[in-house]
Every structure is written in structure tokens, then in C-alpha cells.
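*Asks:* Please find the sequence and the predicted model below.
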Amino acid sequence: MDDSTTRKLTASRDSSTQDPALDEILRAVAHAPARRPPPEPAQPGERWGAGGRYTIERRLGRGGMGTVYSATDTMLHREVALKVLDPGSGDDGAVQRARLLREARIAARIEHERVARIYDVGEHEGALFVAMELVRGVTLRRWMDGRAVAAGEILAVARQIAEGLAALHASGVFHRDLKPENVMLTDQGGVRLLDFGLARQTARVGGDGERSAPVAGEGRAARVSEGESLAFAGTPGYMAPEQCEGKALDARVDVFALGVIVYELVTGVRPFGSGASEEVVEGRVRVAPDFSGAVWKEMPARLQEVCARMLAWEPAERFSGGAGVGDALHGIRGDSVLPAALVPSGRLLPSVAQELANAETEAAPVPRRRGWRVGGLIGVAATLVAAGLMIARSASVGHHATLRPPPVPGMAWVDVGAITVGRSPADLDRECVAIGPGCDRKKMQGEVPSSRVTIAPFQLDVYEVTNEEMATTLTMLGGLLSVVDDEDDHYPRDVRWNKDLGHDGEVIADLNPLVGGIEYGADHSFHARAGREQWPAVQVTWHGARLFCTTRGKSLPTEDEWEAAARGRDDRPWPWGSAPLRCGEVVVPRDGLIVMPSSCPEKVSLGPVGQAAQDVTPDGIHDLGGNVAEWVDAVYVEGNRAARVDAGAADLPKVVRGGSFFQSIEARTSGRSRQLANGVGYNVGFRCAVR
Amino acid sequence: MNLLDDLHDLPTLHPRETQHTAQSPRGTAAAALPGDRGPARVEADLRALLRAGDEAGAAAAALESHAAEVFGFLLGVLDSGPAAGEAYAGVVERVRREISRFGGRCSLRTWMYAACRRELERHARRHPASSAANSLAPVILCGPSTTLPARCTGLAAAITALRGRLSPDDRALLILRLDRGLDLHELAVTELGETARPTDLLREAERIRVRLRHIRDDLARGAVEQQILAPPGEPHG
């Protein structure tokens, strides 16, 4: 700061005394004036398009030119992404509209498995929108950041991007904003190119106000609408030199961008940095990509050659388009491995400490990768788990597709949108008629009334928490807990929060040896009883269930979430569908309240999680109907299913959901019962959610 | 001693206002006021809607009443219009989804700031690089000041630099404390949620109190480096 503009203030300062000058500085730093937020172009529930064809579901995020929503195409009964153009004004608005329409026209011509499909374009109260394919998966950016990418994966991703580019270029268009954020790795493992917001046609389409600039050595020309600036219409770091300099463009800018992506996949950094635009321009012109790193020596030499040619400063020295790149990449020996093949399917991280450590890793900036490893599965798994924990708070979204990463190992996504929960009295009357004489209509009254709720996508444990998992967690918590002996028999019985640590001494679990599956050893650690490791953890209080989930970076599902998982978008009467219980396939109850063949055994015992082959939802979640009932994060309000009192309030009875080996009426997707938060049940377990 | 009764245990960080409004002492945030009915009336109306079971109406009213101050807060923390817009959309979704769980153990305004902080956490995880960005030009100190130098241009740069020293989380704490006037208990609620146990809130309030002291000390050092504040013990320059 210029000395002439300042003078030093107050004589002496002390951290314990008032300091008006510092106060004023602090207030200046903290000043955050109120601002009206930008208007939201669409609201959930609105119906857009001709005849109200598209029902807006929720906002997904923002693309280059507008806001993207998930919507339901009520005509074809499919989910779509609806990209709504930002409201512009004057010439800017006209230019944006023209660009959006151009994007729609371009993309609609292309049908290729590596390119996101566009279905429709329309207008709603003056706002233009494009209905396009809702691509589920993760962006290449999210997938690649912080991980060591194997050579096979690099080849697979690069080849598929090249295939997509080849399809674009064959249609006479080029992307012009290719970057990892615009490349999706779909749930099926394939690559899909997104966001043609900056795509240009290379064949003349006519119209006034356009100029063409032929590219040396090529018979193509880019067309630039008057009023649009080309100077930095792209993403610094991925823009070709001619793009940075505002020159005429063609398909080779996409080739250059793919070269940047390949270089980044190999080394973890971009070849020309990603600073301010001017610096990027200067860097590109004056600095050649560095292939001297050790990581390149581990790569197939041909890949380096292909990458170097893609990154050539002179367009004429690059491949002419995606097809040429694809041919060159396919000529490289080596197996390509789809990224989805690396998604682990089991629980890889057994300890609470490790999961928490990964959660912390996620919270901090992920260090960039530094080398090529063919293996690295552990690192990959850790990143995935951490990513899953991160997703716990909400669904990730971006551009015109949901960025729904693979679920956390051992969990499954549940995405139902708006559903009905609870039952109306008339519904229950009908159900009771179907159930017959055993129907306990009075007990079912707690399911009344029904209400409509919208559930944000979340993940739910595929299985109920097992004794082994619970015992591991209790051991990890060690000194935070105290184990109190039974007053009569003097064996370890109540596991409580340690009062000395400021807790209220709530009971976490009851180690009743007759019915529980966890024991406390002389070594002061907890163990699952032999043979019961994979049985659901029972005799755990609501507090204990919450504690377990919290230590795993998760939480108990709310009652609505639990019901959403069981009931689904298709409003199933049973978690597994509409068919009645069948003996031998489901853990059936002994009380016979539900329609069952008379040949069913009178009593079916508790068993390992997942033992009932039929008791699984379409989302892959097991045992919601049977084995044990489950705590949820909700207060039970007598006679009012629609009441939603926060579960943390007072020590009110909490809701238990799902059927069990002991009781069947709750196996219905709307069934519910209650239990005191400090109480336990030998037919009550739990599972966790992340949202 | 009950820490929460000792909200002025921060010599230079006591809130300038105790009422629940977004209005800054300089009056620059008048647009943020939740309507003209006064915050207490707005709060009462929202609670009435919730009691009546009109959750959608309550969410809409809450968002309408607090939109400007919430968005301004997000803008102050994230320092980017598009980023704040993205975060604001997340807050809107949260409010709509979660307002039925509002238990009334804090003001709805504090509850909304808690939603903001959860959304900011999510944003930080999704965009770790953006936390370093800080280019928001301060719109301050160009008016009369009794304690600071007259020219505001140099000060603006210095204040911008000071703001850049803070992590988004620290920036959020400072804004909520000084510009929005939340007390330590309310800050703890924004961190842990209204359902947290009183003992946990107490501990969190203490942690925040200490954190704010560190922030203040760090900013004081930065202000000395920026030559807009005399070093401790040094006489007027």
C-alpha cells in the first residue's frame, strides 16, 4: 500500500482490550451486503413444453449457458435433462438464444453412443429449453482427480473420447470446449461427451451476420457470428493456440484438447498450466509440453508420440480429427480397461478409523497424482469411499447430467423423487380385506395419514449393520464408552457413553448373552459371537445406532427415506414388489398375520444378513421386509404418520420400520412400530444412510 | 460460568447488533431485511405456517424473507456470483426438503444459516480450488471513518488481501458474527444444528470463540503487514 495513503493508527494494542481501528478493519473484512439472488428459471412441479410434457423435478446444476434440471417426460415416461437458457437481455439474449438453438440443431443430428442425445427443444414463457439425455455417472474430472490412472484406463478413455469426437467431426461439427468436466463416465462404464454450448458447425449454414475464415491446409472454415467474441470462448488450459488467439477454428481444436486430457491423465497436470488466460496463451506459444518425466518412460512410447502430435502448436501438424486420433490410439498395443471395471464391489475398509481418515482426506484438497500405476486399487477404493462420504450430504450434480458417482461400497442409491408415504384409512381397509382375518387393523392405524413428500437422492446400506461391524466400532470408540456389569449376574451388560466425558450416559447397547451377538472380552475389546458375525446387530439402542452411523460418516435414515427405499417410485406394497410372502425365500414371521401359505414354518429365526433371496428391492437393498426391524431417525407420534418431529427432540419414542423374524405386519412398506430411544429389542437392528 | 452468558468475552468481536436482522450498521444491507414487517413478525408467521402443516408455504415464505441476506452471505463467503448462485440453489433445495424438521429451538434465520453452512461445506468439497479465489472488491470504508485513513482505494486493496487470508469457513464465521450479528450460541447451532445437545453446543461455542480470536489475531497481523494498522506497542506513525 502506498505510504501516502496510510498512516499508522492506535498506539499500542492488546488482544484483551478494545481496539477501534482493528474493530473497523474486522467489520470491513466481514462486510457482506445483502443481494437479491438471481431468479430461478424453473421450479419443481412446473410443466414445460407443449402440453406440459416435461415435469420439472429438481435442479441439477448449471451448464455453460443455463440451468439444468431433471425432468420427467410424461409422454415417453423417461427422465430427461432440461437445459434452460439463462434469461438474457437485448443483443446478448438474442445471441444466447441463437447459440442454444444452434446447439440443439447440431446435437440433434448426432446419434452416437459416445455423444449425449438431444431430444427436443422448446420454449416456456419466453425461456428456451433443450430436453436431452440424462446421463448418469461421474465426470472425467471427478473420476481422474487425485487418482493414479492405469495405462489401460487411459487408452480406454482416450479411445472412446476420440470415437465421440469422430462422430461429431463426421457430422461437420466440433465441440470447442472439450475438457474433463464435459466428459462423463457413465454408470455403464462408457464415455459420453456433453455440453455442446460452444460447438460450431463447420459447414456453411447460411444466414447473415456470419463471416468465415478458412483454415490453412484444410477446406473447412469456422463461422463466427457477429457480436460474439471468440477470444476466450473456451476453457483456459484446454484451448488450442489458435483458439486463444481468436483465429479461425476447426476440428483440430478438439484434437488439441484431447491431447491435454491424455497428458493430464498420464501426469496429473496439464501441459500448459491453467492460470489466467493471458498466461496460458503465452505459455502455449513459448513452452513445449514436457515429456521428460519418469512417468512417460513407463508408458507405451507410441502413446507419447500420439499425445505429442495432438498437442502440436501448429494445427497442420496435428491429427485432422477424432477419427485420426482414434486410429492412432487403437494402433497402440495394450489392453484398454473401462474405468467401471475398477469400481470395487465389497466393503474394502473395515475400520472406522480408516473410513474417517478417508473422509478427512476428502475434506482436504486431494493431492494430485504423480505417476502411472497399473495397480493402485487400494488408492482407487479409498478415493471412491471418500467420494461417497462426500456425497452424503446431497447428490452431486453438474452440467446437463446428474453426476451420480458409484455408491459407497456396501450402499445403494435410492432416488424416488416425489412419493406418497403413509396410508389413508381407505387404503388400510382395502389391505385388511386382502390380508384376511389375521389383519390387525388397529395396529395399522399408526400408518395414517398418507402424505406426499419429495425425497432427495440418498444412499442406503445394502444390508443391516452386522455384529462384526458393530463390535469393531465399539472397540474403536474404546475409552469413550463404559461397560457396566449386570447387577445380578455380573457379566458385562450395558454399554454406555462415558459420563466422565460430558455425555449423559445413554445406553448404546445391551450385551445380553441370551439374545445379543456381541460380547465384551477381557482384553477390553468387543467381538461378534462366533457364528454370528454376519447376523444383524440387535440389542442396540437408537442412540447406539445413531452413534454407529455417525462414526462411519453416515446417519440413520429418516422414516421417509426408509419408506422411500422400501416402497419405491412404483409404490410397492412389499419391499420386493407386489407378490405376497413366500416361504423359503423370505424370512417369514411366525404370527401369520400376512397372507402366507399354510405350509410356512411357524417360526423362522434370526439369520445372517441377506439370507432371504427374495427380500431385496429393485435398488438392491436387502432385508427391509424381514430378518430384523430397523431404527430410523424419527419420533413416533401416536396416530399421526404425517407428523415430523425432529428425532433429536426430548426422549420421545422413536420409529422402528420394517418387519422381522418375530413380527410380520410391519413387513409391509408402510408398516411401522415404536421403541424408546434407550430401549433395545432382539428383533430390532438398523442400517445407515448417506445423503 | 456459563459460557453462553458471556457473549462479550471477545473484546473486539462482539456483535454490533443483537436483533435478528441482516441490516449492517452502515445501513447498506437494507434490502436484506425480511420484508417490512420486522423479523419477529416474519418469524412468527413462518412458525404459524409450519404449525398449520403448510411446509411448502413456510419454505417459500422463509426463502422469500431471507433470500437477499442469505445470498449476500454466500456471495461474501464464496466471492463469486456463479458460485454463490450454485450454493444458493442448494440452500433453496435444503430449505424445501428440511423445513419440516425445523424444531423451533433456534430462530428460523439461524436455522437457515445452518443450512447455508452445510451447503458451503458441500461446495468446498466439490470445488476445493475455489476456496483460494478471492477477488470481491470490498464496498466499504469509503464513507467517513473515525479511525481509519481517509483514502479508500488503498484500503480496499488491503481489505481484499485480508479477506483472502481467511478460509471460506473462517470468512463465514466472521460474517455471521460481525455482519449478521449472530451470537456464539447461534454460531454453534449453525455448525452442529439445532438438535445438538446443549453440552455439545456449549463446547462448540467455546471452540468458535477461540477460533474467532485466532481469526482476529491473524487479521491484526495481516493489517499490520498491509500497513493499515500500527504494530502492537508502536506509537502513531
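*Replies:* All right, it came through fine.

*Asks:* Poorly predicted segments of the stretch 551-691 of chain A, please.
*Replies:* A:579-605, A:613, A:646-651, A:661-666 (pLDDT under 70).

*Asks:* could you redo the last one with a cut-off of 90?
*Replies:* When residues are selected by pLDDT under 90, those of the stretch 551-691 of chain A lie in A:551-554, A:569-616, A:618-620, A:623, A:625-628, A:635-653, A:658-669, A:671-683, A:691.

*Asks:* Where do the strands of it begin and end?
*Replies:* Taking DSSP state E, counting those that start in this stretch to define them, one finds strands in the stretch 551-691 of chain A at A:629-635, A:654-657, A:672-675, A:684-685, A:689-690.

*Asks:* Flag every buried residue along the helix or strand bottoming out on mean pLDDT in chain B.
*Replies:* Between all helices and strands in chain B, the lowest mean by mean pLDDT, DSSP states H and E belongs to helix B:152-165, at a mean of 78. Within helix B:152-165, the residues scored as buried using 16 or more other CB atoms under 10 Å in any protein chain shown are B:152, B:154-165. (Glycine included, C-beta is placed from N, CA and C.)

*Asks:* Following the chain past it, name the next helix or strand.
*Replies:* Downstream of helix B:152-165, the next assigned helix or strand under DSSP states H and E is helix B:168-174.

*Asks:* Spell out, range by range, the helices that occur in chain B.
*Replies:* Applying DSSP state H to chain B gives helices spanning B:39-51, B:55-78, B:81-98, B:108-126, B:152-165, B:168-174, B:184-192, B:198-225.

*Asks:* hmm, who's touching stretch B:47-65?
*Replies:* A:642, B:34-35, B:42, B:45-46, B:92, B:95-96, B:99-100, B:102, B:104, B:108, B:112 (CB atoms under 8 Å, 6 or more residues apart in numbering or on different chains).

*Asks:* Which two of the residues you listed have the greatest separation?
*Replies:* Greatest spatial distance among the contacts of stretch B:47-65 (CB to CB): A:Ala642 and B:Gly35, at 29.3 Å.

*Asks:* Show me chain A divided up by domain.
*Replies:* As given by automatic domain parsing, the domain ranges for chain A are A:1-31, A:47-133, A:137-358, A:414-458+A:558-686.

*Asks:* End to end on the last one, go ahead and measure it.
*Replies:* Its first and final residues considered, domain A:414-458+A:558-686 spans 17 Å by CA to CA, to the nearest Å.

*Asks:* closest to A:Pro33 among the contacts of stretch B:47-65?
*Replies:* For the contacts of stretch B:47-65, the minimum distance to A:Pro33 (CB to CB) is 15.3 Å, reached by B:Pro34.

*Asks:* Now do the same for the closest one: its pLDDT.
*Replies:* Among the per-residue scores, B:Pro34 shows a pLDDT of 40.

*Asks:* Please apply the same query to the one 5 residues further on.
*Replies:* Looking at B:Pro39, its pLDDT stands at 68.

*Asks:* Then A:Ala276?
*Replies:* A:Ala276 is given a pLDDT of 38.

*Asks:* again with the one 10 residues further on
*Replies:* Looking at A:Arg286, its pLDDT stands at 55.

*Asks:* And the one 3 residues further on, by the same measure?
*Replies:* Looking at A:Pro289, its pLDDT reads 83.

*Asks:* dump the residue contacts of the closest residue in space to it that isn't next to it in sequence.
*Replies:* Here the nearest residue to A:Pro289 in space, its sequence neighbours aside, is A:Pro271; by CB to CB, 6 or more residues apart in numbering or on different chains that works out to 3.9 Å. Applying CB under 8 Å, 6+ apart, we find A:Pro271 in contact with A:259-260, A:263-264, A:289-290, A:311.

*Asks:* buried subset of those residues?
*Replies:* Applying 16+ other CB under 10 Å to the contacts of A:Pro271 flags A:259-260, A:263-264, A:289, A:311 as buried.

*Asks:* Now do the closest residue to A:Gly322 other than its chain neighbours: how many residues are near it, please.
*Replies:* Distances taken as CB to CB, 6+ apart put A:Leu165 closest to A:Gly322, at 2.8 Å, once the chain neighbours are dropped. By other CB atoms under 10 Å in any protein chain shown, 28 other residues sit near A:Leu165.

*Asks:* repeat for A:Leu155
*Replies:* Neighbours of A:Leu155 under the rule other CB under 10 Å: 23.

*Asks:* Kindly report the same for A:Val115.
*Replies:* 22.

*Asks:* what pairs with it across the strands?
*Replies:* In this entry, A:Val115 is beta-bridged to A:Leu193, by DSSP bridges.

*Asks:* Which strand or helix spans A:Thr67?
*Replies:* In this assignment (DSSP H and E), A:Thr67 forms part of strand A:66-73.

*Asks:* I'd like the average pLDDT over that strand.
*Replies:* For strand A:66-73, the mean per-residue pLDDT is 88.

*Asks:* what does stretch A:420-427 give?
*Replies:* pLDDT averaged over stretch A:420-427 gives 90.

*Asks:* Name the residues that touch it?
*Replies:* Residues contacting stretch A:420-427 (CB under 8 Å, 6+ apart): A:431, A:444, A:447-453, A:559-560, A:563-564, A:567, A:571, A:641-642, A:670.

*Asks:* Low-confidence regions, chain B specifically.
*Replies:* In chain B (pLDDT under 90), the answer is B:1-65, B:79-90, B:92-94, B:96-105, B:108, B:121-161, B:163-165, B:167-168, B:193-200, B:223-237.

*Asks:* buried ones in the host helix or strand of A:Ala81?
*Replies:* Taking DSSP H and E as the definition, A:Ala81 sits inside strand A:78-85. Residues of strand A:78-85 classed as buried under the neighbour-count rule (16+ other CB under 10 Å) are A:79-85.

*Asks:* Thanks a lot, catch you later.
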